[in-house]
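Student: return atomic coordinates for the entry below.
(one chain, ligands or ions: 3)
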Amino acid sequence: MKLTFLGTGTSTGVPSIGCDCETCVSTDPRDKRLRQSALIDHEGKKVLIDTSIDFRQQALRAGIDRLDAILITHCHVDHVFGLDDIRPLNFRHGAMGVYANEPAWTDLRRIFEYIFNPTHVGGGLPQLVPHLVTHNSPFSIGNDLTVTPLEVTHGKLPVIAYRFNDFGYVTDLKVMPTDTKDHLRDLDVLALDCVRIKPHSTHLCLEESLALIEELKPKRAFLIHLNHDILHERESRNLPDNVDLAYDGLTIEA
Ligand SMILES: [Zn+2]
Ligand SMILES: [Zn+2]
Ligand SMILES: [Zn+2]
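Tutor: Numbering: from 1, shown residues only. Ligands and ions are numbered 1, 2, ... in the order given. From the prediction side, this is the model:
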């Protein structure tokens, strides 16, 4: 299995518009972060996690020519506003399955009403097959990829973390319930939310992310959804041996 980070930035992206801080003016390519998203590639199946607001740019950059499924973590702008850009893939390969939890579907159907309730006849709409996911009800994509949706909490919003075999992908959370923790212990690879250094009301900050990694004990962990407090080179030096900052374009194999 291969996981590619298509974007590793928080909702504003890095650089942040109008900011001249050290990270935003950094020339290190690892400090340029599109919005959070990843691609799983396993036994010929390609699965996208979130159609980020930067999806078009990410798909072109990663050479995505087909997707077998899209998994949505939650319906916040940074994670879903690229949904309309799946159309070129639909034109070539037809409709694709989109997986999301109930609150995300409620919001997606309202925000993207033109997809579900078109007001004019004509082509050019995204084609998707909606699937509802619920906590700890695993499903398969193709023959070899088992996906387990697991609930975490992002402020008051239930967000879906996904486990793929021994990979865990957990973005946008403040609280991880014990039952979800029990499904994410001793993984090969854990990608985990770490929005900034200082505490945040709806995301894990650096200290909280590191404490959770210590508790879950993955072999390797990658911090994601990073804001401009985090200068790659400087912050990387202070991390435990099994923890790294993710960056756009980084590919992990396991
Ligand atoms: Zn987010
Ligand atoms: Zn900045
Ligand atoms: Zn969010």
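
Student: can you count the residues close to residue 84?
Tutor: The local packing of residue 84 (other CB atoms under 10 Å) involves 15 other residues. Using the backbone N, CA and C atoms, a C-beta is placed for each residue, glycine as well.

Student: ok, now which ones touch residue 64?
Tutor: Shown in contact with residue 64 (CB atoms under 8 Å, 6 or more residues apart in numbering): 39, 46, 48, 58, 89.

Student: mind naming the longest strand for the chain?
Tutor: Taking DSSP state E as the criterion, the chain has its longest strand at strand 145-154.

Student: centre of the chain to that strand, how far?
Tutor: Taking the mean of its C-alpha atoms, strand 145-154 sits 12 Å from the chain's own mean (CA atoms, centre = their mean, to the nearest Å).

Student: now for it, which elements pack on it?
Tutor: Under the contact definition 3 or more CB pairs under 8 Å, 6 or more residues apart in numbering; DSSP states H and E, strand 145-154 sits against strand 45-49, strand 139-141, strand 157-164, helix 178-183.

Student: mean pLDDT, distance to residue 108 and mean neighbour count added to these, as TSV?
Tutor: Below are the helices and strands packed on strand 145-154 laid out as TSV (pLDDT from 0 to 100; distance: least, CB to CB, whole Å; neighbours: other CB atoms under 10 Å):
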stretch	mean pLDDT	distance to residue 108	mean neighbour count
strand 45-49	97	15	23
strand 139-141	95	18	15
strand 157-164	98	13	22
helix 178-183	98	23	14
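
Student: pipe the ones you listed into TSV and attach distance to ligand 3 per row.
Tutor: As requested, the helices and strands packed on strand 145-154 are exported to TSV (distance: least, CB to the ion, whole Å):
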stretch	distance to ligand 3
strand 45-49	13
strand 139-141	23
strand 157-164	7
helix 178-183	17
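
Student: looking at these, which is closest to residue 106?
Tutor: For residue 106, the closest of the helices and strands packed on strand 145-154 is strand 157-164, at 11.4 Å, according to CB to CB.
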